[in-house]
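Student: Any chance you could fold what I've pasted below:
(chains A and B)
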Amino acid sequence: VQLGSRLAILLGLIIGLALVPWLLNPYLVFVTNLAFIYAILALGLNLLLGYTGQFAFANAAFFGIGAYAAGLLQVKLGISFCLALPGAALLTAAIGVVVGLPALRLSGMYLALVTLAFAQFTQWVMIHWDSFTFGAGGFKSPAPSFGPLPLGTEQGMYYLSLVAAVALTILTWNITRSRIGRAFVAIRDSEVAAQALAIDLAAYKTMAFALSAFYAGMAGALYSAVLRFVAPEGFDLFQMVLHFSMVVVGGLASIAGSILGAALILALQEALRMVKGIQEILFGGLLMVAIVFLPDGLFSFLRSLLSAWGEPLHRPTGATRALWGKMHDDPP
Amino acid sequence: MGSMFLYLVLSGLTNGSLYALLALGLVIIYKATTVVNFAHGEVFMMGGFFAYTFYVLLGLAYPASLLLAVALSLLLGMVTERLAYRPLIKASAISMVLASVGFSFVLRGVARVTWGGKGDFIPFPPIFSYDPIVLGSLLITPQQLIILSGALMCMGVFAAFFRWTKLGKMMQATAENQRAAALVGIRVERVFAIIWGVGACVGALAGVLMAPVTLLYPDIGATLLVKAFASAVLGGFGNLPGAALGGLSMGVIENLAGGYLHTSLVDISAFLVIMLVLVVRPTGFFGAKAVRKV
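Tutor: Below you'll find the model as predicted:
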């Protein structure tokens, strides 16, 4: 019965979302479309940060790489969008594997530093490699056409994003309930214990990086086609703060939380179209407040309101601290 | 060729001494609390803006502005500790780092709203307008000498502080072993608050020294933070002399790479250093071998 009511809620939600292009004005359709993209980003980051406990700054960079890859594949190589989209996602996943390689040797803050350097480096390349990336001004990405289907570009992108978001949500759900997801959680809670359980740390960490990069790359490719414009501005560290806010406010290691957080952050961003300084104060402050006062995220409210919501709560425990090497606490 | 090399090394040392100061602040906090303060770059930036406010906007004397800016930054460091560190002392380290990332953006936003928008670079007038000193074929600006000597003096003062004062020894004890420090009657929380304050002071000093040579802008903290990270990583994170040496070498490395290989390397050598050092030799080049504890 519980499973049935949850399925009913989700199916109702999806059908409602599918009707949006006929019911709402173009601006709201556009915002809902962005919400799908943000949800994909949050799901991918949560796999890496919430489930696997790998703290990395690379998500915004992956998002940008996906957007640039999709745009440049079309503009420079003349590849059609239906190939550029999966191509961009796969390319980003491959870069994710490379970025994840140091994670096999490093953990905790060192990983954070390497990925921060990678993110800044990516931003620098986007701005300074003019001949290839069109520099700081960015470039126009062509409007994808949806050929035989009776859909305009906006509607087509809306349904494509919806399908991608639903598919990746189902994929995440299945991953987290499978052997892979449990290995991720085991690695997060204790690498030593995970190794003792014969979990291949190298393989699973690489997989977590590749997966989250794939999600971010897919989101980036969709984003470039929805905005039809790609510029380095949107993929800086502030974007990373938005991603962190989504997963923390929504709920670390929670699928419903990722989607909730993504929707909330986007709604805030759109409702309060403010100057950059105010946005920085607001979202930076939100991140701090959420960590201090709402460590389980909004998801914990959802769980207490809807008793039918049976998503297992893979909460990060204090054991995560062990990952970071509390070196000075105890005498050897 | 010879003079160009000397010039690059000297100006590299000047910049490097600032990176060293910034890295010292990071490492002081890291050693005591095992938290990497991602808001440290913004503390540096705020230090510069505080000095700008007192010196340029309010027209105070430079020494007074310097002291006021450093005092305000001490307060800022303690506020960081109270807001981002103490409530999370029992939470996971990831939460703590996330909170400091959030706080860094709050500060950046405050600076942007208060002192100007993105792209507004604020010039800071030179403090002394003496003529450059000519040494053989080498041209040295007085500002470079001030930065270099100021930074070296700060490092000396902090080394003496840690070695000879009671407070410094209490900090060392707390960093070494919190529980044992509490057992011998050290108020660990209070020491933490002071450590965050001291770390911020060092960062702000770097900001005040730097402001006259570069322009001030709200995003300068992020740029400099990466260079400070590179310095700390070169020296083996958690090693104070290592951080100082790492900072000086970072400044020289980026200048030489920029001068002899390609100018763009000035911007990106810090990223490359971080990635290379952490992948090849995570314990740094001046640090002791770290033992991985289970």
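
Student: Count the neighbours of residue 69 for me.
Tutor: Picked chain A for this. Burial of A:Ala69 is recorded as 24 neighbouring residues (other C-beta atoms under 10 Å in any protein chain shown). From N, CA and C alone the C-beta is placed, and that goes for glycine too.

Student: To clarify, I was referring to chain B.
Tutor: The local packing of B:Ala69 (other C-beta under 10 Å) involves 26 other residues.

Student: One more: B:Gln144?
Tutor: By the measure other C-beta under 10 Å, the count of residues near B:Gln144 is 19.

Student: Can you pull the phi and psi angles for the residue nearest to it when sequence neighbours are not counted?
Tutor: Using C-beta to C-beta, 6 or more residues apart in numbering or on different chains and skipping the chain neighbours, the partner closest in space to B:Gln144 is B:Thr14 (4.5 Å). B:Thr14 adopts backbone torsions of phi -60, psi -50, taken as degrees, to the nearest 10.

Student: which residues touch B:Thr14?
Tutor: Residues in contact with B:Thr14, defined by C-beta atoms under 8 Å, 6 or more residues apart in numbering or on different chains, are B:Gln144, B:Ile147, B:Leu148, B:Val213, B:Gly251.

Student: got the residues you listed as a markdown table, with distance to A:Val230, pLDDT and secondary structure columns?
Tutor: Putting the contacts of B:Thr14 into a markdown table (distance: C-beta to C-beta, whole Å; pLDDT from 0 to 100; DSSP: H, G, I helix; E, B strand; the rest coil) gives the following:
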| residue | distance to A:Val230 | pLDDT | secondary structure |
| --- | --- | --- | --- |
| B:Gln144 | 41 | 78 | helix |
| B:Ile147 | 40 | 82 | helix |
| B:Leu148 | 43 | 84 | helix |
| B:Val213 | 35 | 73 | coil |
| B:Gly251 | 35 | 90 | helix |
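
Student: And these, which two are furthest apart?
Tutor: The widest separation within the contacts of B:Thr14, taken as C-beta to C-beta, falls between B:Val213 and B:Gly251 and amounts to 12.5 Å.

Student: And the helix or strand hosting A:Gly64, what's buried?
Tutor: Under the assignment given by DSSP states H and E, the secondary-structure element containing A:Gly64 is helix A:59-77. Neighbour-count burial for helix A:59-77, counted by 16 or more other C-beta atoms under 10 Å in any protein chain shown, picks out A:59-75.

Student: So what's the gap between that helix and the chain middle?
Tutor: 15 Å (C-alpha atoms, centre = their mean, to the nearest Å).

Student: One more: stretch B:15-22?
Tutor: 6 Å.

Student: does it come close to chain A?
Tutor: No - judged by C-beta under 8 Å from any C-beta of the partner chain, stretch B:15-22 makes no contact with chain A; its nearest approach is 14.3 Å.

Student: Let me know the average pLDDT across that stretch.
Tutor: When pLDDT is averaged over stretch B:15-22, the result is 88.

Student: List the contacts of it.
Tutor: B:40-41, B:44, B:147-148, B:151-152, B:154-155, B:202-203, B:205-206, B:209-210, B:224-225, B:227-228, B:230-231, B:243-252, B:254-255.

Student: Please save the CA atoms from it in CSV.
Tutor: As requested, the backbone C-alpha atoms of stretch B:15-22 are provided in CSV (Å, rounded to 0.1, in the frame of the first residue of the first chain):
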residue,chain,number,x,y,z
ASN,B,15,54.7,38.7,-3.7
GLY,B,16,55.8,35.4,-2.1
SER,B,17,56.1,37.1,1.3
LEU,B,18,52.5,38.0,1.1
TYR,B,19,51.5,34.5,0.1
ALA,B,20,53.6,33.3,3.0
LEU,B,21,51.7,35.5,5.4
LEU,B,22,48.4,34.4,4.1
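
Student: Can you list the buried residues in that stretch?
Tutor: So stretch B:15-22, judged by 16+ other C-beta under 10 Å, has buried residues B:Asn15, B:Gly16, B:Ser17, B:Leu18, B:Tyr19, B:Ala20, B:Leu21, B:Leu22.

Student: and these as a markdown table, adding secondary structure and distance to A:Ala271?
Tutor: Shown next, in a markdown table, are the buried residues of stretch B:15-22 (DSSP: H, G, I helix; E, B strand; the rest coil; distance: C-beta to C-beta, whole Å):
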| residue | secondary structure | distance to A:Ala271 |
| --- | --- | --- |
| B:Asn15 | helix | 43 |
| B:Gly16 | helix | 46 |
| B:Ser17 | helix | 46 |
| B:Leu18 | helix | 41 |
| B:Tyr19 | helix | 41 |
| B:Ala20 | helix | 45 |
| B:Leu21 | helix | 42 |
| B:Leu22 | helix | 38 |
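
Student: Need those residues in TSV (columns: distance to A:Ala88).
Tutor: Putting these into TSV (distance: C-beta to C-beta, whole Å) gives the following:
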residue	distance to A:Ala88
B:Asn15	38
B:Gly16	40
B:Ser17	44
B:Leu18	40
B:Tyr19	37
B:Ala20	41
B:Leu21	42
B:Leu22	37
